[in-house]
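A.B. asks: Sequence first, then the predicted structure, then my questions.
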There are 2 protein chains.
Amino acid sequence: MDLISYIDSKQEDHLNELKELLRIPSVSAKSEHRADIERAARWVAERLRTAGLDNVEITPTKLHPVVYGESLRAPGKPTVLFYGHYDVQPAEPLDLWTSPPFEPTVREGNLFGRGTADDKGQIHIHLKALEALRNSSGKLPINVKALVEGEEEVGSINLWEFLRQNRERLKADALVVSDTAMLRKGVPSITYGLRGLNYYQLEVTGPAQDLHSGVFGGAVPNPITVLSEMIAKLHDRNYRVAIPGFYEEVAALSRQERKALGSLPWREKEFRRTVGAPALAGEKGFTIIEQLWTRPTLELNGIWGGYTGEGAKTVIPSKAYAKLSTRLVPNQDPAKIAKLVERQIRRLLPKTVACKFEALSTGKPWVAPYDHPIFQIALQALERGFSKKAVFIREGGSIPLVTQIYDMFKIPCVLLGFGLPDENAHAPDEHIALENYFGGIKSVALFYEQLATL
Amino acid sequence: MDLISYIDSKQEDHLNELKELLRIPSVSAKSEHRADIERAARWVAERLRTAGLDNVEITPTKLHPVVYGESLRAPGKPTVLFYGHYDVQPAEPLDLWTSPPFEPTVREGNLFGRGTADDKGQIHIHLKALEALRNSSGKLPINVKALVEGEEEVGSINLWEFLRQNRERLKADALVVSDTAMLRKGVPSITYGLRGLNYYQLEVTGPAQDLHSGVFGGAVPNPITVLSEMIAKLHDRNYRVAIPGFYEEVAALSRQERKALGSLPWREKEFRRTVGAPALAGEKGFTIIEQLWTRPTLELNGIWGGYTGEGAKTVIPSKAYAKLSTRLVPNQDPAKIAKLVERQIRRLLPKTVACKFEALSTGKPWVAPYDHPIFQIALQALERGFSKKAVFIREGGSIPLVTQIYDMFKIPCVLLGFGLPDENAHAPDEHIALENYFGGIKSVALFYEQLATL
């Protein structure tokens, strides 16, 4: 049986196996899921072995373990480093899921569940592509090193130490990652740029304890009001980030790239429908695609303080909190931006309150040329796997490891994304289109097969 | 045994009995506590019977029951309507309590627990004063009607219907309430003014669902940012409420009253210590006491949206929420103010988001002269019960029923408060000073005894 027929014959098995992984609630942000994280790591290790990899190891870190395996049985052939992550975002708010986040369910051609698109479904595409290559031809046509971590959703905190300690072992001719999205359904895509990400937490303290808003209201600082007033000053009326120096090192887009981005088969109407807001809101002077992929942002990711339950409670809280993040583009420096943000927050702080500011994680942007021949092999594999024209795109999200590997080894990084922008990657009802999951396995298998000719 | 000796001999019994009531978590804002509310109502009814009241009834309402009892066995003597509430504020945040909120505990002369000051401890003062009068002299010297409700902390929603239906039955020569605080420890106080309270909830919706802040950030409205920007515009730099028309009907303070308030034995240093904020924040042009008692406010009581758990989640939420309230003073009209607040919120709303605005409850302010002879009897009873000089004060909190009864019957309302401003009425570690609880029972018994001479 040839490679494609073999893959087509296994669809049901593949889907059932993926569901096993999706049922493990490996939420890296929450300590209560520690055992689930361990379980997911063991599951991935076991499947790497099944796919034919040797020396499979689970390496503990200070937080969540790294899974690694390799197959070096194709001397003279290229070596690919594959990267993915087995951890997932928290599933909250739970009441907005149509089916429970950790009970994978197929509806209308989509598989729903936390991690379907980000990133368990996409890891599984590679596991099954490798297994298909081995089972249909008896051996892997190239050398493969697979690195699957458990901290991507919390900033890959301990991965850097692992990379440093395993630098020699991880050396490869190219990095391959599937943790991004296609431009839209029917347009297989290779991503050549990602934004960086700094994530912060801010705590504002007014009174030493919660106070009765009747007895004390009118004479004391309210930390919710103060926090809101500070947040309000972080953007100007043109939706630009109002932090001095924030844009100073942002590289201008070339006319050529603006033109290329402008001619992609992207549909604004589809985007507006996906967002579903009364109107869009973005930095003046840039197209929506430019805003999403090439401009830095500051977004509030969470806010809380005071009484948030049912009914009324007349309290002036002692504290109010916000989680916020900045997405970064070339040539912004994450450490410098973190300092600028903190400096501005402290400048905006009135003397009536105290504040704690913490950068929870920082990460560099990555944009790289796609002129290496491996990108043409990838493009053709996608076009064969999907029977559609493929394109080169950037993305607004962040994959810290890509930057890190690019900086370490200066090798081409091939980002084959099989998600879609409206698949709710970090939201309720996350899903992956089955046609992209199955098309992904075929494309990746064809890609690895053709890489032997490089 | 005379009245005071009798009360002094019962201290331990009184305290133990109060603890029974405090152990019932009768939180009116939360539907999960419905059974506790019922239990607290039955407990109060039983104790009214023990105190010698007849015709004790528990009347169900659409939400929480009203407890009523009366003793009309003193023909020709004044009739007092006593009002209190057996419901309490939510106890959250639970981790900030030194001892659990519903396990009453004595530490350093204070009794800690939710409801100790607001209002279970203060109801109990009256129950025990009445019981002492009956047990020491064989009968009550005046006529008493006792009304104890279970919705005070959620705006007394269904009490008005009860008042309308029982108008004739509730008629009295004076209203007596203990649900306020003394000016400070050692200064027994009668309150002649309260602020009104409107409570609102605001929901801002941007995207139709939560979105990945990498994939979508920079081109879509963030409801947390928008909500913060709206909140920031609700006050000006002088801490005045920036809602057109908000101050239009506020009555000016008389020079005489400003002088009286200014000469109270109040200590700013104590107030600052209680608040514990780096600095105070209040409307320019007014003393702190004037800000607290005589000026209207707008306070944020809660805010939430996006990810509020441990670690990082890169989400742009679909919705963000706020709970806010306005405290009102004469002659502001609650319905009119609710309209002004909503109109301004809608004016501030950018076209990128949608919003829901709801007034959860409204309530009028109350300020009344204290020239009726009953106030002198009360003042003397407090001075005898505490062996201290007593004063007349206003308060920043709200007791909707006082306004309602005052409007209905035009009778004097005597507010004898035995709490203290730093007793955390709506916050963790709520408590009541035992000296005020025991002094309160004596004062109230003396007050009711002397009322017979009116």
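C.D. replies: Everything's here; your move.
A.B. asks: SS state for the residue of the stretch 101-250 of chain A found nearest chain B?
C.D. replies: At 2.6 Å from chain B, A:A208 is the closest residue in the stretch 101-250 of chain A, using C-beta to the nearest C-beta. Yep, even glycine has a C-beta here, placed from its N, CA and C like the rest. Taken by DSSP: H, G, I helix; E, B strand; the rest coil, the conformation at A:A208 corresponds to coil.
A.B. asks: and the closest residue to it other than its chain neighbours, what does it touch?
C.D. replies: Ranked by C-beta to C-beta, 6 or more residues apart in numbering or on different chains and with sequence neighbours excluded, the top spatial neighbour of A:A208 is B:G276, at 2.6 Å. By C-beta atoms under 8 Å, 6 or more residues apart in numbering or on different chains, the residues touching B:G276 are A:P207, A:A208, A:Q209.
A.B. asks: Most neighbours of all those, which one?
C.D. replies: The most crowded member of the contacts of B:G276, judged by other C-beta atoms under 10 Å in any protein chain shown, is A:P207 (24 neighbours).
A.B. asks: Verify the contact between that residue and A:F216 for me.
C.D. replies: Yes - A:P207 lies in contact with A:F216 (C-beta atoms under 8 Å); the separation is 7.4 Å.
A.B. asks: what's the overlap in contacts for these two?
C.D. replies: Residues touching both A:P207 and A:F216 (C-beta under 8 Å, 6+ apart) are A:I316, B:V275.
A.B. asks: Output the contacting helices and strands for whatever helix or strand A:E20 lives in.
C.D. replies: Here A:E20 sits within helix A:11-22, counting by DSSP states H and E. Secondary-structure packing of helix A:11-22 (3 or more C-beta pairs under 8 Å, 6 or more residues apart in numbering or on different chains; DSSP states H and E): helix A:34-50, strand A:110-112, helix A:120-137, helix A:434-451.
A.B. asks: and if we set it to 10 Å?
C.D. replies: On a contact count with 3 or more C-beta pairs under 10 Å, 6 or more residues apart in numbering or on different chains; DSSP states H and E, helix A:11-22 meets helix A:34-50, strand A:105-107, strand A:110-112, helix A:120-137, helix A:434-451.
A.B. asks: how about these in CSV, adding mean pLDDT?
C.D. replies: Formatted as CSV, these follow (pLDDT from 0 to 100):
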stretch, mean pLDDT
helix A:34-50, 97
strand A:105-107, 98
strand A:110-112, 98
helix A:120-137, 96
helix A:434-451, 98
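A.B. asks: Just give the nearest non-adjacent residue to the residue of the stretch 1-150 of chain A found nearest chain B, would you?
C.D. replies: Closest approach between the stretch 1-150 of chain A and chain B, counting by C-beta to the nearest C-beta: A:A29, at 3.4 Å. Residue nearest to A:A29 in three dimensions, not counting chain neighbours: B:G311, with 3.4 Å by C-beta to C-beta, 6+ apart.
A.B. asks: ok, the contacts of B:G276 vs B:V226, which is closest?
C.D. replies: Nearest to B:V226 among those, counting by C-beta to C-beta, is A:P207 at 26.8 Å.
A.B. asks: Give me the distance from the host helix or strand of A:D8 to the chain's centre.
C.D. replies: According to DSSP H and E, A:D8 maps onto helix A:3-9. Using C-alpha atoms, centre = their mean, to the nearest Å, the mean C-alpha position of helix A:3-9 is found 30 Å from that of the whole chain.
A.B. asks: That one: which residues count as buried?
C.D. replies: A:L3, A:I4, A:Y6, A:I7 (16 or more other C-beta atoms under 10 Å in any protein chain shown).
A.B. asks: Same check on stretch A:355-371?
C.D. replies: Buried-residue list, stretch A:355-371, by 16+ other C-beta under 10 Å: A:C355, A:F357, A:A359, A:S361, A:T362, A:G363, A:K364, A:P365, A:W366, A:V367, A:A368, A:Y370.
A.B. asks: Among those residues, which ones lie close to chain B?
C.D. replies: A:S361 (C-beta under 10 Å from any C-beta of the partner chain).
A.B. asks: Can I get the buried residues of stretch A:355-371 in TSV including secondary structure and pLDDT?
C.D. replies: Below are these laid out as TSV (DSSP: H, G, I helix; E, B strand; the rest coil; pLDDT from 0 to 100):
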residue	secondary structure	pLDDT
A:C355	strand	97
A:F357	strand	98
A:A359	strand	97
A:S361	strand	89
A:T362	coil	92
A:G363	coil	90
A:K364	coil	93
A:P365	coil	96
A:W366	strand	96
A:V367	strand	95
A:A368	coil	90
A:Y370	coil	92
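A.B. asks: What is the nearest of the buried residues of stretch A:355-371 to chain B?
C.D. replies: A:S361 (6.5 Å).
A.B. asks: Now do the phi/psi pair for the spatially closest residue to that closest one that is not a sequence neighbour.
C.D. replies: The shortest distance from A:S361 to any non-neighbouring residue, by C-beta to C-beta, 6+ apart, is to A:G155 (2.9 Å). Torsion angles at A:G155 (phi, psi; degrees, to the nearest 10) stand at phi 100, psi 20.
A.B. asks: Quick one: residues contacting A:G155.
C.D. replies: A:28-29, A:197-199, A:359-363, A:398, A:400, B:311-312, B:314 (C-beta atoms under 10 Å, 6 or more residues apart in numbering or on different chains).
A.B. asks: And it, how close does it get to A:L63?
C.D. replies: 10 Å (C-beta to C-beta, to the nearest Å).
A.B. asks: shared neighbours, the two?
C.D. replies: A:S28.
A.B. asks: So what's the residue count around A:P400?
C.D. replies: Neighbourhood size, A:P400 [other C-beta under 10 Å]: 24.
A.B. asks: which non-adjacent residue is nearest it?
C.D. replies: A:G363 (4.1 Å).
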